[in-house]
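A.B. asks: can't give you the sequence, but here's the structure:
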């Protein structure tokens, strides 16, 4: 986990910090690979199962005060706006607005 503004920022930082010169086209092309997507889904699922197990071991159910949620799966999310608006369409006055993103 790190704080990069874009994939290109990540690659440039890797080159500056670690002297890793990763080809931009190779890097972004690899992100589209079906095999890599399946691998990422597998890692994500494993991480979620492990995290759920750890949280269950704490024995605290923060939603127990809401019995109407007993039959529901509850997920958490976070939303924010990106720092720039270069990837959004301009409105009728020609102004760009930052895109809102929801992460779950």
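C.D. replies: Received it, and whenever you're ready, just let me know what you need. Just so you know, these numbers come straight off a predicted model, no measurement behind them.
A.B. asks: per-residue confidence at residue 1?
C.D. replies: Note for residue 1: predicted pLDDT of 54.
A.B. asks: Kindly report the same for the one 4 residues further on.
C.D. replies: Reported pLDDT at residue 5 in the predicted model: 84.
A.B. asks: For it, grab the count of nearby residues.
C.D. replies: If you count neighbours by other C-beta atoms under 10 Å, residue 5 ends up with 11. Every residue, glycine included, has its C-beta placed from N, CA and C.
A.B. asks: if I look at it, how far off is residue 55?
C.D. replies: 31 Å (C-beta to C-beta, to the nearest Å).
A.B. asks: Could you do residue 70 as well?
C.D. replies: For residue 70, the distance to residue 55 equals 17 Å [C-beta to C-beta].
A.B. asks: Of those two, which one has the most company?
C.D. replies: In terms of neighbours (other C-beta under 10 Å), residue 55 is the more surrounded of residue 70 and residue 55; the figures are 12 against 9.
A.B. asks: Now do the contacts for residue 28.
C.D. replies: Residues in contact with residue 28, defined by C-beta atoms under 8 Å, 6 or more residues apart in numbering, are residue 7.
A.B. asks: what helix or strand is it on?
C.D. replies: Residue 28 belongs to helix 24-30 when assigned by DSSP states H and E.
A.B. asks: buried ones in whichever helix or strand comes after that helix?
C.D. replies: Tracing the chain C-terminally past helix 24-30 and defining elements by DSSP H and E, one meets helix 34-58 next. Of the residues in helix 34-58, none count as buried by neighbour count, 16 or more other C-beta atoms under 10 Å.
A.B. asks: Great, nothing more from me.
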